[in-house]
Structure formats: C-alpha cells, structure tokens
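> sequence first, then the predicted structure, then my questions.
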Amino acid sequence: LFPYTTLFRSYHSATMQSFLHALILALALTSTSAFSTRRMTTRMSATMTEPMTGVTQPISSRTITGIKAREILDSRGNPTVEVDLTTGQGMFRASVPSGASTGIYEAVELRDGGDRYAGKGVLQAIENVNKMTPKLLGMDVLDQQAIDDLMCELDGTPNKAKMGANAILGVSLAASKAGAAASGVPLYRHYANLAGNDLNEYTLPVPCFNVINGGSHAGNKLAFQEFFVIPTGAATFKEGMQIGCEVFAKLKGIIKKEFGGDATLVGDEGGFGPPCDEQTGIQLALEAIEKAGYASVCELGLDVAASEFKVEGQDCYDLDIFNGSQDDNLKMTGAELLNFYAKLANDYPIATMEDVFDQDDWENWSKIVAQLGDKVQIVGDDLTVTNIEKIKRAVDEKAANALLLKVNQIGSISESIAAVKLAKQNGWGVMTSHRSGETEDDYIADLAVGLCTGEIKTGAPCRGERTAKYNQLLRIEEEVSGSSVYAGKNV
C-alpha cells in the first residue's frame with residue numbers, strides 16, 4: 001500500500017482523498033485472506049503458536065519446493081548453518097547449534113578451516129546443502145525418515161564426514177517443522193507422532209538450570225563444567241521456572257558478596273563463573289536454594305565433562321587443568337575420582353551426574369553405575385553421543401542409566417528419535433539438551449515434550465538463546481493445560 005499512501009499525501013482534494021480511502025480499504029480487504037494465511041504459516045514454522053486444525057494437507061502442498069541455506073552466527077559469535085525449507089504452505093526455518101565440549105565420537109560438524117572466522121566458517125556445509133537440494137525437491141515432508149535416510153545416503157559415511165552433520169541437521173529440522181504444519185498440529189505433537197507416542201497426556205520436563213559454569217564454558221579454574229539447580233518438587237513447569245529464576249537471583253548476590261562483581265559475569269550458558277573449587281560450587285548453589293526458601297523442592301546436579309580433564313594415556317583426571325595443572329593434589333585416578341563422586345552424592349542432594357568419566361573409560365563408567373546408580377542418575381553424553389551403537393554398548397555394559405539427547409551429536413531428527421526410543425526401552429532416563437553455542441531456535445522445547453523426555457537442560461535463566469527454550473515450554477504448558485503433567489520427582 002505504500003505507493004497509494006504516498007500518492008495520497010501528494011493530493012489535497014476531498015474527492016481524491018475519498019477515492020483513495022476507498023481504494024486502500026478495498027485492497028486491504030481483498031488481500032487480508034492471503035496475507036493472514038502467509039503470516040500464519042510463517043509463524044507456525046517458527047513458534048507453533050497459531051491455532052492448528054489437525055487436518056493433514058494434500059500432497060501437493062506437502063512437497064519440498066525449495067531449500068536455501070545460509071551462514072548465521074551462534075551465541076558465541078561463531079558461524080553456523082541456517083536452512084529455509086519451502087513447501088506449498090510457506091517457508092520453514094531452522095538453525096543448528098554447536099558445542100564447545102564435544103565428544104570425539106560425535107557426528108562431524110563441517111568447518112571450512114583457513115583464516116576466515118578463525119577457520120570456523122561453514123560455507124562448505126552451506127554448499128553441501130545446495131548439492132543435496134535437487135535430490136530432496138518433491139519429497140513429502142511428512143516422510144521424515146525418508147528425507148533423513150536420503151541425506152545420510154548422499155553423505156555415505158558413518159559419521160556424516162562428507163556432507164557434515166550441521167548441513168544434514170539443518171534440513172532435517174526444517175523438514176520437521178514443515179511436517180508439523182502439513183499435519184496441522186503443533187511441533188511437539190508432530191514429534192510425538194514421529195516417535196509413535198499416542199499421547200493423551202503431555203509431560204512437561206523438569207528444567208535443570210546450569211547456574212554455575214566451569215570447564216570449557218567459562219574462564220575460571222573449575223574443572224566440573226555445569227552445576228545444576230533442579231526444581232523437582234515444583235507443582236508445574238511454570239512454578240519450576242519461578243523457582244529457578246529466584247534461586248539464580250539469590251546466587252548472584254551470594255557470589256558478588258563472596259568474590260566481587262567480576263565473578264557474576266556469565267559463561268557461555270548463562271551461569272556464573274566464580275573462582276572456586278568443585279565442592280564450593282555445590283555449596284554456593286545449595287546456599288542460594290536455601291536463602292530463596294526452596295530447600296524442600298530443589299535438588300542438585302552436575303555435568304562433570306570428565307573427558308575435558310582426562311590426562312591422555314594415563315589413569316589420571318586433572319581437576320586443576322584449567323588452572324595450569326599447578327596442584328598435584330587435584331590429580332586423581334579413576335578410582336579416586338569415583339570415591340570423590342560417592343562422597344559428594346552422600347553429602348549433598350545430588351540427583352544426576354553427567355559425563356563422570358572419559359568417553360573411553362568404560363570400566364569406571366560401569367563401576368559408578370554399580371555403586372551409585374540406584375540413587376543417582378548417571379547420564380551418558382560424550383559416552384553415548386546420541387548414537388544407537390554407543391547406547392547399545394552402554395546398555396550391555398551397564399555403563400549409564402540415562403541418555404543426554406543432543407540432536408547435533410547424531411545429525412538428524414529420525415536418528416535422535418531412534419536413540420531416545422532405544423534408551424527408554426532399556427529403562428533409561430532421557431535429558432534433552434541444548435549446546436553451548438546456541439541460536440534463537442527453540443525446537444528442543446517441543447522435542448522434550450513430544451518425546452516425553454521428562455528432563456531438559458538449556459542453561460541458566462539468562463541470555464536470550466537460553467530463555468527462548470524456557471519460554472517456549474511455558475507456552476506449550478499453557479496450550480496443553482488440562483492434559484499435561486509436570487515430570488517432577490517422577491522423572
């Protein structure tokens with residue numbers, strides 16, 4: 001309408017003004033339907049907040065008509081892949097996260113190398129999306145498995161080293177959003193359908209707030225990477241969010257008083273990075289919980305990320321590695337580290353421990369499950385990398401009792417769903433996870449609800465790329481009010 005309003009400003013007669021008013025109104029009325037349809041399709045692809053009919057669209061509007069990839073920036077300012085996938089219903093956008101603490105068995109995240117962006121550009125991954133596009137055009141977005149299988153076939157390697165997991169995942173995620181729109185259901189419902197979950201009641205996950213950052217996610221000397229506050233005793237997800245935010249605020253004041261204002265600067269995942277040791281980090285979180293008045297409804301958790309401080313070729317874990325390895329007293333054998341975990345689990349209300357040993361230290365993984373697994377959740381991350389073969393081995397060796405779900409570790413929605421199903425079939429818990437290098441995309445909120453994982457970690461209640469996921473869960477809880485439960489202590 002801009003040319004008509006410009007024309008209007010250049011005329012002054014009452015007759016012409018009346019004519020143009022009528023013309024503008026007519027144009028607005030005749031374009032409202034098409035405009036509203038485009039707007040609804042676009043918004044559904046991004047947030048799934050529009051009312052959905054539940055009516056599956058005809059095949060003519062479900063097929064892929066275009067795919068465009070681009071290079072955008074993640075929360076650390078590093079390049080990552082974003083994909084726009086187009087069908088007859090509109091455009092559906094997805095972006096790919098990236099980890100800093102990455103397991104050596106994860107699917108390959110393709111980077112360009114060279115000087116540009118210090119070697120972290122993803123132009124080759126973008127080009128690989130373009131290469132795959134002709135084969136994907138015309139495919140039905142409701143057949144997620146076929147789309148993912150074709151991309152894996154085009155890649156032809158066991159770890160997506162040719163095309164790049166970041167290229168394949170961008171298309172896979174965008175296709176899943178298009179599939180939800182084609183089915184006329186929210187994204188979380190679509191993920192439930194893909195997994196074969198016939199849900200009469202949705203489960204909202206317990207948020208695991210990473211309130212203190214260490215390891216590769218901060219600039220302090222903490223070896224343990226994440227310290228969680230977990231509101232298992234909340235009545236709803238919304239109440240759990242309130243608890244987490246209030247504890248986080250109390251923790252900031254405690255850390256500022258103890259260590260000064262600089263210690264309240266936040267790490268990659270929004271948590272604070274105080275200059276303290278592991279036990280003090282736990283005590284700080286516990287003090288914040290108590291001062292906020294939530295001691296009866298909160299538990300603690302740890303992501304140790306032990307592969308980051310394992311001394312290569314030795315039975316040695318160096319907890320002083322991020323401080324220059326100056327203190328030999330902080331070097332432990334696997335057995336000594338296990339005893340340290342046992343003491344922490346005995347002294348503090350710790351509900352979950354993640355990546356407690358190196359990704360290849362299978363013997364000690366089995367030992368900790370045997371010793372602590374009946375009272376503490378032992379989560380495989382670098383150990384299992386959302387990979388079915390790794391999960392099978394961990395099940396056989398009783399090396400974990402829970403899976404960390406990171407879709408970019410394996411590189412497609414279909415393979416992620418298969419990993420979750422295998423874990424659940426063997427009685428494991430499942431925790432949906434973000435990555436330290438995140439985008440504003442909030443799909444993991446829908447994934448956690450659709451796959452009934454019961455747990456989610458997506459950082460502190462701080463930084464927009466973290467709160468985006470929490471906010472989407474708040475919206476979902478509101479949408480499914482009356483037909484949902486909060487996982488709580490039953491997780």
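Here it is on my side, so go on.
> so Gly240 touches Val206, yeah?
Yes: using Cβ atoms under 8 Å, Gly240 is in contact with Val206, at 6.5 Å. Where you see a C-beta, it was placed from the backbone N, CA and C, and this is true even at glycine.
> quickly list what's touching both of the two.
231, 234, 486 (Cβ atoms under 8 Å, 6 or more residues apart in numbering).
> pLDDT at Ala370, what is it?
As predicted, Ala370 sits at a pLDDT of 98.
> quick check: closest non-adjacent residue to it.
Lys398 (7.0 Å; Cβ to Cβ, 6 or more residues apart in numbering).
> how about Val297?
Going by Cβ to Cβ, 6+ apart, Val297 has Gly233 as its nearest residue, at 2.9 Å.
> spit out the contact partners of the one you found.
294, 296-298, 488-489.
> got it, and Cys245?
Taking Cβ under 8 Å, 6+ apart, we find Cys245 in contact with Pro461.
> repeat that for Val311.
Neighbours of Val311 in contact, by Cβ under 8 Å, 6+ apart: 317-318, 331.
> mind doing that once more with 10 Å?
317-318, 321, 325, 331, 358 (Cβ atoms under 10 Å, 6 or more residues apart in numbering).
> now, which of those residues sits nearest Tyr105?
Asp358 (11.7 Å; Cβ to Cβ).
> okay, now Gln314: neighbour count?
Gln314: 10 surrounding residues under other Cβ atoms under 10 Å.
> got it, and Ile388?
15.
> equivalent analysis for Ser296, please.
Neighbours of Ser296 (other Cβ under 10 Å): 8.
> not counting sequence-adjacent ones, nearest residue to the residue nearest in space to the middle of the chain?
In the chain, the centroid-proximal residue (Cα atoms, centre = their mean) is His434; its distance is 2.5 Å. Leaving aside its sequence neighbours, His434 sits nearest to Thr458 (Cβ to Cβ, 6+ apart; 4.1 Å).
> pLDDT score for the residue nearest to Ala370?
Here, the pLDDT recorded for Lys398 equals 98.
> need the contact list for it.
By Cβ under 10 Å, 6+ apart, the neighbours of Lys398 are 365-367, 369-370, 373, 378.
> just give the nearest non-adjacent residue to Ala288, would you?
Leu251 (3.7 Å).
> the residue nearest to Ala370 sits in which helix or strand?
Here Lys398, judged by DSSP states H and E, is contained in no helix and no strand.
> ok, it to Glu478 distance?
40 Å (Cβ to Cβ, to the nearest Å).
> which parts of stretch 103-123 are buried?
103, 105-112, 117, 120-123 (16 or more other Cβ atoms under 10 Å).
> what's the first-to-last distance across it?
23 Å (Cα to Cα, to the nearest Å).
> check stretch 291-301 too.
18 Å.
> with stretch 98-113 instead?
End-to-end distance of stretch 98-113 (Cα to Cα): 16 Å.
> before we move on, what about stretch 59-70?
27 Å.
> and that stretch, how far from the chain's centre?
Its chain's C-alpha centre and that of stretch 59-70 lie 25 Å apart, by Cα atoms, centre = their mean, to the nearest Å.
> now it: average pLDDT?
On average, stretch 59-70 scores 93.
> what's the answer for stretch 300-308, then?
96.
> what about stretch 268-287, average pLDDT?
94.
> wait, I meant stretch 433-450
For stretch 433-450, the per-residue pLDDT averages 96.
> who are the packing partners of the helix or strand encompassing Asn471?
Using DSSP H and E, Asn471 sits in helix 464-479. Using 3 or more Cβ pairs under 10 Å, 6 or more residues apart in numbering; DSSP states H and E, the elements in contact with helix 464-479 are helix 187-195, strand 202-204, strand 206-207, strand 209-213, helix 237-259, helix 443-450, strand 454-457, strand 484-486.
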